[in-house]
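Sequence and predicted model, in that order:
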Amino acid sequence: MQAIYLTKNGKAKIAFEKHEIEIKEPGKGEIAIESEAFGLNFADVLARLGLYKECPPLPTIIGYETVGKVLKVGEQVKNIAVGDRVVAFTRFGGYSQYVITKAVAAVKISNNFHVGKALALATQYTTAYYAAYIAANVREGEKVLIHAAAGGVGTALVQLCKLKNCKIYGTAGSDEKMEYIKKQGVDVAINYRERDFSTQITEKLDVVFDSIGGSTFKKGYRLLGSGGRIVPYGAATQLEANNFFSKLKFAFSFGIYHPIGFIMQSKAMIGVNMLRIADDKPEVLQYCMQNLVNLADEGKINPKVGKMYSADELNEAHTALENRETIGKIGIKW
């Protein structure tokens, strides 16, 4: 079996190499999966560019999710059996035909569950579920702003907040994406390339979901009313910071905050990093993933699959994701 290794930082066409891998046995509480496909996330782009601190030293196999059949189970595994088809969260290692991960990070799915939709549930929808239903505890009818609403996590946030009958503001960067987010349930769509969202929203918000960072974060925080929560789960604008001074400018563009201000204004900042949740609270990860599979089976959420690429098209897929040319989930089929 093969895996695609990240061997150097830089553009996608020079960053990856395909190699045969050693077949290892799963340890206690682990399962081994023969992968049908793996998903791509923006964190993969950051890892490729050398901007993701969590990434292991190169050469390494990156990737956060896989769908496939369980080949082997380790000791003390009770929720998964050999032969089960699963969607699984991987703490790196996803770009492989043979994946070992924790059993608690996997959920059984039906044989006819669409592979791309399943991939979306592992990282993007789980991030959105945790951000919306646990971290921010979105309530019925609240007013929310979702940045990059056409992306994988953005789409998930829109669908989950719509289940709570929220009024949803969403940002996107093209006419095509504007139409898409409206169809997904965004009430007020804002093209961030043409208008400043902070001047278009004239009422106080309850929750802001921010994957952009920098000055976008600062503007979003100012839009919050009393009891408001801002949930940062990414910092896409750091791609524009390519030297020391621009990185310093980017860091300061978030603004400077003090706990006294949070108290006096009754506002909150709640960061979300699903790697940390997976490491320290795997039962929470399992809870989120199982609830999402249930919601998908019930037809209450419907992950959007932008495109499934072949393994030979990984460079193309990475470049499209980096350039924000994708809508919904994209994945790679072996």
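That came through fine.

Flag the shaky bits of the chain, pLDDT-wise.
When residues are selected by pLDDT under 70, those of the chain lie in 235-253.

What are the structural domain limits within it?
Domain segmentation of the chain under automatic domain parsing yields 2-113+304-333, 125-274.

could I get those domains as CSV with mean neighbour count and distance to A296?
C-beta: built from backbone N, CA, C; applies to glycine. Shown next, in CSV, are the domains of the chain (neighbours: other C-beta atoms under 10 Å; distance: least, C-beta to C-beta, whole Å):
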stretch, mean neighbour count, distance to A296
domain 2-113+304-333, 19, 8
domain 125-274, 19, 8
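
host element of A120?
Applying DSSP states H and E as the criterion places A120 in helix 115-120.

how much distance is there from that helix to the middle of the chain?
Relative to its chain's centre, helix 115-120 lies at 12 Å (C-alpha atoms, centre = their mean, to the nearest Å).

helices and strands around it, which ones?
Helix 115-120 sits against strand 30-39, strand 65-73, strand 305-310, strand 329-333, with contacts defined as 3 or more C-beta pairs under 8 Å, 6 or more residues apart in numbering; DSSP states H and E.

Which of those strands sits closest to T155?
Closest to T155 of those, according to C-beta to C-beta: strand 329-333, at 7.9 Å.

before we move on, back to that, make a markdown table from the helices and strands packed on helix 115-120 and add distance to N323 to it.
Shown next, in a markdown table, are these (distance: least, C-beta to C-beta, whole Å):
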| stretch | distance to N323 |
| --- | --- |
| strand 30-39 | 18 |
| strand 65-73 | 22 |
| strand 305-310 | 13 |
| strand 329-333 | 12 |
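
Among those strands, which comes closest to R139?
For the helices and strands packed on helix 115-120, proximity to R139 was assessed by C-beta to C-beta; strand 329-333 is nearest, at 27.3 Å.

How about residues contacting that closest one?
Strand 329-333 is contacted from outside by 36-40, 95, 115-117, 119-120, 124, 152, 155, 303-311, 313-314, 317, 320-321, using C-beta atoms under 8 Å, 6 or more residues apart in numbering.

rewinding a little: with respect to M289, which of the helices and strands packed on helix 115-120 lies nearest?
Closest to M289 of those is strand 65-73 (C-beta to C-beta; 10.0 Å).

any idea how far that closest one is from the chain center?
Relative to its parent chain, strand 65-73 has a centroid offset of 20 Å by C-alpha atoms, centre = their mean.

Would you tell me what the next helix or strand after it is?
On the C-terminal side of strand 65-73, the closest following helix or strand by DSSP H and E is strand 85-89.

Neighbouring strands of that next one in the sheet, and parallel or not?
According to DSSP bridges, strand 85-89 has the following sheet partners: strand 65-73 (antiparallel), strand 106-108 (antiparallel).

What is the three-state secondary structure of N291?
Assigned by DSSP: H, G, I helix; E, B strand; the rest coil, the conformation of N291 is helix.

Quick one: the strands paired with strand 85-89 as TSV, columns for distance to A88 too.
Compiled in TSV, those are given as follows (distance: least, C-beta to C-beta, whole Å):
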stretch	distance to A88
strand 65-73	5
strand 106-108	4
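
which stretch among the ones you listed comes nearest N294?
Closest of the strands paired with strand 85-89 to N294 is strand 106-108, at 9.5 Å (criterion: C-beta to C-beta).

With adjacent residues omitted, what lies nearest to the residue positioned nearest the centre of the chain?
Residue closest to the average C-alpha location in the chain (C-alpha atoms, centre = their mean): Q124, at 3.3 Å. Spatial nearest neighbour of Q124, chain neighbours left out: G152 (3.6 Å); criterion: C-beta to C-beta, 6 or more residues apart in numbering.

ok now do that neighbour, which residues does it touch?
Contacts for G152 (C-beta under 8 Å, 6+ apart) come out as N41, A120, T123, Q124, Y125, G328, K329, I330.
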